[in-house]
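1. Using only what follows, build the 3D model:
(one chain, ligands or ions: 1)
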Amino acid sequence: MHNTSLSGISADALNALLDDAFGTDRYTRTAYLLRKGMAAIDHLSFGILDEGELMASIQCWPVRVGKADLILVGPVAVATNRQNEGLGTQLMQLMLHAATPQDAPMVMIGDPEYYGRFGFSSNDTSGWTLPGPWEPRRLLLRNSHMVALPTHGMLGPAD
Ligand SMILES: CC(C)(COP(=O)(O)OP(=O)(O)OC[C@H]1O[C@@H](n2cnc3c(N)ncnc32)[C@H](O)[C@@H]1OP(=O)(O)O)[C@@H](O)C(=O)NCCC(=O)NCCS
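-> Residues are numbered from 1 along each chain as shown. Modelled structure (predicted):
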């Protein structure tokens, strides 16, 4: 198995993995609306290949809350037949190690029971709104450099 930048992976391979992990109706998810029209951030987006086949991926996107920059983390996808082998953990660690102090705080929509171990929590996101439905407990922030962020505001693409 080896890690690679997602920029070298075909769109077909990535879409097949995402369909497997999230289903083909994934495009209606609020996270897709949040980063609509944005290109993924190259240095924070990775794949894990096994014998040339894409088994897991992570993508990150530029978004904003009010006027403050944030990085939207996700989708984090692991092929259904390869889950619980540590690939999701490996992806999160790769991405967090690649992040620089200049990178904005990170936001994601995900299960706190899983992403809490990587420093994400919903503690400071209760005043934020999204362009689609969301569960407040699953709107997570990781602000490791304690950047000042608006307590209230709408999240959306950083265009
Ligand atoms: C969620 C996901 C990224 C985790 O990656 P993974 O490679 O399967 O998980 P890892 O091997 O890194 O970690 C396994 C551990 O995380 C736990 N875990 C996995 N998904 C979890 C979740 N959604 N909530 C809570 N715990 C979870 C497992 O129970 C296991 O716990 P243990 O270490 O105590 O045994 C992956 O399963 C996935 O792509 N799922 C499909 C998409 C999905 O359901 N996403 C929902 C979250 S956004």
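
2. Quick one: residues in contact with stretch 144-159.
-> 34-38, 61-70, 101, 104-105, 107, 119, 124, 127-131, 141, 143 (C-beta atoms under 8 Å, 6 or more residues apart in numbering). C-betas here are computed from N, CA, C, even on glycine.

3. all strands for the protein, in order.
-> Secondary structure of the chain by DSSP state E: the strands cover 2-5, 46-50, 53-65, 68-78, 106-109, 128-129, 139-142, 153-157.

4. winner for burial among those?
-> strand 106-109 (a mean of 24; mean count of other C-beta atoms under 10 Å).

5. How about the protein: which residue is closest to the ligand?
-> Gly88 (2.1 Å; C-beta to the nearest ligand atom).

6. show me the contacts for that residue.
-> 56, 76, 78, 114.

7. Looking at the residues you listed, which is nearest Leu17?
-> The nearest member of those to Leu17, counting by C-beta to C-beta, is Ala56 at 7.4 Å.

8. so how far is Leu34 from the closest one?
-> 22 Å (C-beta to C-beta, to the nearest Å).

9. go on, Gly66?
-> 14 Å.

10. wait, isn't Leu96 in contact with Phe118?
-> Yes: between Leu96 and Phe118 a contact is recorded at 6.6 Å, counting by C-beta atoms under 8 Å.

11. Between those two, which is the more surrounded one?
-> Phe118 (19 against 15; other C-beta atoms under 10 Å).

12. So Gln7 is in contact with Ser45, correct?
-> Small correction: residue 7 is Ser, not Gln. Yes: with contact defined as C-beta under 8 Å, Ser7 reaches Ser45; the gap is 7.3 Å.

13. Would you mind telling me which of those two has more residues around it?
-> Taking other C-beta under 10 Å, Ser7 and Ser45 do not tie; Ser45 has more neighbours (23 against 11).

14. what's the pLDDT at the more buried one?
-> Among the per-residue scores, Ser45 shows a pLDDT of 98.

15. what does the one 5 residues further on give?
-> At Asp50, the model reports a pLDDT of 96.

16. check contacts around it.
-> Contacts of Asp50 by C-beta under 8 Å, 6+ apart are 1, 82.
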